[in-house]
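Chemist: Quick one, structure for this:
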Amino acid sequence: MISMKEILKGKDLNSQSEEVKKNLNVLLEKINKIRALYNKPMTITNGLRTMDDNIRIYKEKAAKAGIPFDLSKVPTKNAHLSGSACDVSDSNKELQKWCKNNEKELEKIGLWMEDFNSTPNWCHFQIYPPKSGNRWFKP
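Modeler: Model (predicted):
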């Protein structure tokens, strides 16, 4: 099963706000339900983020895309910042395929995912619906 330590990615649980702790506990419970149903190892590549983590990630994305970094475009409401999301490695796209074939399970558990075109080698799971309400959404 996935541990809280894996989702915290080196952050201290006790130093988080009560809201973030609550979200992390809900996320851990829900992602472990997926893990049990999927019945294969899952590696968390991105869990709880600080704003510094978020800025670094978006700087890397801009550099990779060859565009100037714009701090004003860094999302401040990112689900990772509130402990509401995690990314799971999926280089062979097996987990993506499983999720598409098991949408009802995602619905029952209460997880939403970024569109797979936006997550080429990972799956983004979050515990709150996006504004669109769609199970799969564009970030």
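Chemist: centroid residue for this protein?
Modeler: Of all residues in the chain, the one closest to the mean position by Cα atoms, centre = their mean is residue 86, 2.6 Å from it.
Chemist: Show me how far the helix-or-strand element of the chain with minimal mean pLDDT is from its chain's centre.
Modeler: Taking mean pLDDT, DSSP states H and E as the measure, the chain has helix 51-65 as its least confident helix or strand, at a mean of 91. Centroid separation for helix 51-65 versus its chain: 16 Å, with Cα atoms, centre = their mean, to the nearest Å.
Chemist: Would you map the helices across this structure?
Modeler: Secondary structure of the chain, counting by DSSP state H: helices at 4-8, 18-38, 51-65, 94-101, 103-109.
Chemist: Next, give phi and psi for residue 42.
Modeler: When read as degrees, to the nearest 10, the backbone of residue 42 gives phi -130, psi 130.
Chemist: Could you tell me how far it is located from residue 59?
Modeler: Residue 42 is 27 Å from residue 59, where distance means Cβ to Cβ, to the nearest Å. Where you see a C-beta, it was placed from the backbone N, CA and C, and this is true even at glycine.
Chemist: between these two, which one's more packed in?
Modeler: residue 42 (20 against 14; other Cβ atoms under 10 Å).
Chemist: Do you know the pLDDT at residue 101?
Modeler: Note for residue 101: predicted pLDDT of 97.
Chemist: again with residue 33
Modeler: Looking at residue 33, its pLDDT stands at 98.
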